[in-house]
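**Q** Sequence and predicted structure below; questions after.
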Amino acid sequence: MDVEVLPVRTGRHTCWTYTSAAEHRGMLTAYFDQGLRDGDLLAYFGSPPEHTALALDSLRAADHDPEQLLDDGSLVIGLADDLFLRDGRFDPDGAIQGCRELVARATANGYRGVRAVTELSWLAATPSHRDSWPEFEFRVELLTASTPFTALCCYDAREWEPDELRIIHAVHPDAPAAGDDTTFKLRGNIDGSLGIEGELDFRDADAVRSILIAAASDLTLPVLDMSGLLFVDVAAMRAIAAVALEFQRSFGRVQIRGASPHFRKVWDLLLLHDLVPKAEMSPW
Amino acid sequence: MVSQGTGFHHDALFYETDEEFVSTLVPWLLEGLALDHGTAVVTTASRIASLREALGADAQSIFFAVDEEWYTTPASAIARWNRVGRRSAADGLEYTRIIGELPFVRTSDEQATWARFESAVNYAFAGAPSWNICPYNLRLLPEHVIENAWRTHPTVWDGYRSPSDAYTVPSEFFVQIPEPEPVLGAEPFVRMALGREIAELRQIATQTGERAGLPSDRVQDLVLAFSEVATNAMLHGGGITNAAMWIDRDGVVCEVSDDRGDLTDPLAGFVPPAPEGYGGRGLWLARQLSKWLVIDTDHGRGTTIRFAVTAD
């Protein structure tokens, strides 16, 4: 049965949820085809092995020769285990470093950058990795903001709970996908700042705190950008303050940029300037 | 003059003339400065000027603010006094002396509101290292305002402290003197369907605030206050059983109910939260953003919180 895959605008870090193999293959076909036209090195990481066959089929569907691409190094196929695990344990630092090395290799060899696809079914069987996965996804978001690394993260919607996918969508700020009902987004900006956009409240405050604090080690700039934040409640404001405090500890300072007058009013009412005394509020 | 350097004190001072006001309080202020106490005075502009003249150069060490600018709402006044105390502590001063004279208000509703404020001070600052003196002008103020001063201050001071036999604990005072609420129409402007997501409820609150003609910053205050009260009902009240809004000539009145009825303290949200602690901030913030907020618990039948956000 043919499945019509509607054109989906992809950004540098896109979440793609699918409910059938045909949907998955259709997306991969379009994504890889665009990457080859852009001059990117293609990379696919997935498990179990039959998913990698899907990647090769998707290239054939666009009239590309995957064997040739593998031979000339334009296509890298790997197992998710190889990229994400070390001695059977999730190694986020190793995975990020592996991606950086792949980008360096690609650009040294004349490619524009790397266009990667990761298929996340393997996470479904590993609850411990699943819980911290959004933190890793946001570190990938920061990587795509600062390097020529484009990532498509594929999730079989049948294997994930709606609340899990909501948080995962939130850390993929580009190209909202079907089924994305999150009210907020976390973004890595090109200038190295972290952006919080949309409406953030008690439902996701703890998750946002964990995600942003986990990303602190990848930052070069202790700047939280609130210019896209439309609503924040007390729980979320305190989560932001906790992140700011962590940045203050790591960098000795923190800048909260683009905070609206209302944000600053609430920050003041909650006495958060006492909690984070070196937080500098600045306009955009 | 008895010097006090420990414990929380909330004294009423009854006076008749400005000369008596100055002659009673200046030595107290000077004593505080000599003891390295933080000192703050809120009263009328003219009495501030009289105090400054009597204090001379010592006035520079005292924080002054005009009553009508300080006492805008009870909750915000508590927040301001809290900052005074925190500033004293940050400056290394272990004790704070405060003179806080309420502005003269004409209507019985306003008088009731500010009497409740005085009562709430006992609750909000219990144990705080501060000596608070609240002057009341016997010639100017109506008898019932003076009576309420005796009921809301545990002690009376005129150079010497004596207990107030009429003192009423805040929880009882709040029942005896309810918050003056506007009479609402039988039908609200909007009654929100149950089971909606909190983001949807906020959208409705935004639309209601805009329809009421509130300035944009007050619409944001309304939405946030409503979100906090609704969140409270969801997380601690077993869920929202009723959420409605009325538009009146002053702004928007909101009502949120749950059916658990666990929130039995009518003064919840008056205690200033410590910035580093957890919990208890939603109601604090809702009180800060609203003109008034009432907690109504019918034991076994649920809690209803009503509050108003006005244009000013």
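**A** Sure, I can see it. Residues are numbered from 1 along each chain as shown, chains lettered A, B, ... in the order given.
**Q** confidence score at the closest residue to B:His144 other than its chain neighbours?
**A** Nearest non-adjacent residue to B:His144, counting by CB to CB, 6 or more residues apart in numbering or on different chains: B:Gln111, 7.2 Å away. All C-beta atoms are positioned from the backbone trio N, CA, C, and that covers glycine. Looking at B:Gln111, its pLDDT stands at 97.
**Q** can you pull the contacts of the one residue in chain B that gets nearest to chain A?
**A** Using CB to the nearest CB, the closest approach of chain B to chain A is made by B:Pro275 at 4.0 Å. B:Pro275 is in contact with A:Ala241, A:Leu270, A:Leu271, A:Leu272, A:Asp274, A:Leu275, counting by CB atoms under 8 Å, 6 or more residues apart in numbering or on different chains.
**Q** The last one and A:Leu245 touch, don't they?
**A** Yes. Taking contacts as CB atoms under 8 Å, A:Leu275 lies within contact range of A:Leu245: 6.3 Å.
**Q** circling back to that earlier point, so the residue of chain B closest to chain A, which state does it fall into?
**A** What DSSP: H, G, I helix; E, B strand; the rest coil gives for B:Pro275 is coil.
**Q** Which positions within stretch A:79-97 qualify as buried?
**A** A:Leu79, A:Ala80, A:Leu83, A:Phe84, A:Leu85, A:Phe90, A:Asp91, A:Pro92, A:Ala95, A:Ile96 (16 or more other CB atoms under 10 Å in any protein chain shown).
**Q** Rebuild those as TSV, extending it with pLDDT and secondary structure.
**A** Listed next are the buried residues of stretch A:79-97 as TSV, based on pLDDT from 0 to 100; DSSP: H, G, I helix; E, B strand; the rest coil:
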residue	pLDDT	secondary structure
A:Leu79	84	strand
A:Ala80	82	helix
A:Leu83	85	helix
A:Phe84	86	helix
A:Leu85	84	strand
A:Phe90	85	strand
A:Asp91	89	coil
A:Pro92	90	helix
A:Ala95	92	helix
A:Ile96	93	helix
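**Q** ok, so of those, who is nearest chain B?
**A** Scanning the buried residues of stretch A:79-97 for proximity to chain B, where the rule is CB to the nearest CB, the winner is A:Pro92, at 28.1 Å.
**Q** Skipping its backbone neighbours, what lies nearest that closest one in space?
**A** Spatial nearest neighbour of A:Pro92, chain neighbours left out: A:Phe136 (4.6 Å); criterion: CB to CB, 6+ apart.
**Q** pretty sure the one you found contacts A:Cys99?
**A** No. With contact defined as CB under 8 Å, A:Phe136 does not reach A:Cys99; the gap is 10.9 Å.
**Q** Could you list the low-pLDDT ranges of chain B?
**A** Low-confidence segments of chain B, defined by pLDDT under 70, are located at B:1-5, B:278-280, B:299-300.
**Q** Near chain A, which residues of it? Just list them.
**A** Contacts of chain B with chain A, taken as CB under 8 Å from any CB of the partner chain, map to B:79, B:83, B:86, B:198-199, B:202, B:217, B:220-221, B:223-224, B:227-228, B:231, B:235, B:272-276, B:281-282, B:285, B:288-289.
**Q** just checking, next helix/strand downstream of the longest helix that chain A contains?
**A** Determined from DSSP state H, the single longest helix within chain A is helix A:127-146. With elements assigned by DSSP states H and E, the helix or strand that comes after helix A:127-146 is strand A:149-156.
**Q** where along the stretch 201-312 of chain B do the helices fall?
**A** With helices called from DSSP state H, counting those that start in this stretch, the stretch 201-312 of chain B shows them at B:216-236, B:282-289.
**Q** for the ones you listed, which one ends up most surrounded?
**A** Ranked by mean neighbour count, these are led by helix B:282-289 with a mean of 25 (mean count of other CB atoms under 10 Å in any protein chain shown).
**Q** And B:Glu228, how far from B:Ser46?
**A** Taking CB to CB, to the nearest Å as the measure, B:Glu228 falls 39 Å from B:Ser46.
**Q** one step back: are any of the contacts of B:Pro275 buried, and which?
**A** The neighbour count (16+ other CB under 10 Å) marks A:Ala241, A:Leu270, A:Leu271, A:Leu272, A:Leu275 as buried among those.
**Q** Farthest pair within those residues?
**A** Spatially, the most separated pair among the buried ones among the contacts of B:Pro275 is A:Ala241 and A:Leu271, at 9.9 Å (CB to CB).
**Q** tell me the contacts of residue 129?
**A** All of this is about chain A. By CB under 8 Å, 6+ apart, the contact list for A:His129 reads A:Phe84, A:Phe90, A:Leu123.
**Q** sorry, should have said chain B
**A** B:Thr6, B:Gly7, B:Phe8, B:Gly85, B:Glu94, B:Tyr95, B:Thr96.
**Q** In the stretch 1-150 of chain A, mark out all the helices, start to finish.
**A** Going by DSSP H, counting those that start in this stretch, the stretch 1-150 of chain A shows helices at A:21-38, A:49-61, A:66-71, A:80-84, A:92-108, A:127-146.
**Q** Throw the ones you listed into a markdown table and include distance to B:Ala75, thanks.
**A** Shown next, in a markdown table, are these (distance: least, CB to CB, whole Å):
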| stretch | distance to B:Ala75 |
| --- | --- |
| helix A:21-38 | 53 |
| helix A:49-61 | 58 |
| helix A:66-71 | 66 |
| helix A:80-84 | 51 |
| helix A:92-108 | 45 |
| helix A:127-146 | 37 |
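**Q** picking that back up, so the residue nearest to B:His144, which state does it fall into?
**A** helix.
**Q** pLDDT below threshold where in the stretch 51-200 of chain A?
**A** Counting by pLDDT under 70, the stretch 51-200 of chain A shows low-confidence ranges at A:175-180.
**Q** Next, the closest residue to chain B within it: phi, psi?
**A** Residue nearest to chain B within the stretch 51-200 of chain A: A:Thr183 (5.3 Å; CB to the nearest CB). Per-residue torsions, A:Thr183: phi -100, psi 0 (degrees, to the nearest 10).
**Q** Quick check: phi and psi on residue 260?
**A** You didn't pick a chain, so chain A it is. Dihedral angles phi and psi of A:Ser260 (degrees, to the nearest 10) take the values phi -70, psi 160.
**Q** Please refer instead to chain B.
**A** phi -90, psi -40.
**Q** ok so, going back, can I get the buried residues of stretch A:79-97 in TSV including distance to A:Pro127?
**A** As requested, the buried residues of stretch A:79-97 are arranged in TSV below (distance: CB to CB, whole Å):
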residue	distance to A:Pro127
A:Leu79	20
A:Ala80	16
A:Leu83	19
A:Phe84	15
A:Leu85	15
A:Phe90	11
A:Asp91	17
A:Pro92	16
A:Ala95	18
A:Ile96	22
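**Q** Tell me the one of the residues you listed nearest B:Ala12?
**A** Nearest to B:Ala12 out of the buried residues of stretch A:79-97 is A:Pro92 (CB to CB; 62.4 Å).
**Q** So the closest one sits against A:Phe138, correct?
**A** No. Taking contacts as CB under 8 Å, A:Pro92 lies outside contact range of A:Phe138: 10.5 Å.
**Q** Contacts only, for residue 181.
**A** Here I'm looking at chain A. By CB under 8 Å, 6+ apart, the residues touching A:Asp181 are A:Arg166, A:His169.
**Q** nope, chain B
**A** Each residue near B:Glu181 by CB under 8 Å, 6+ apart is listed here: B:Val253, B:Trp292, B:Val294, B:Arg306, B:Ala308.
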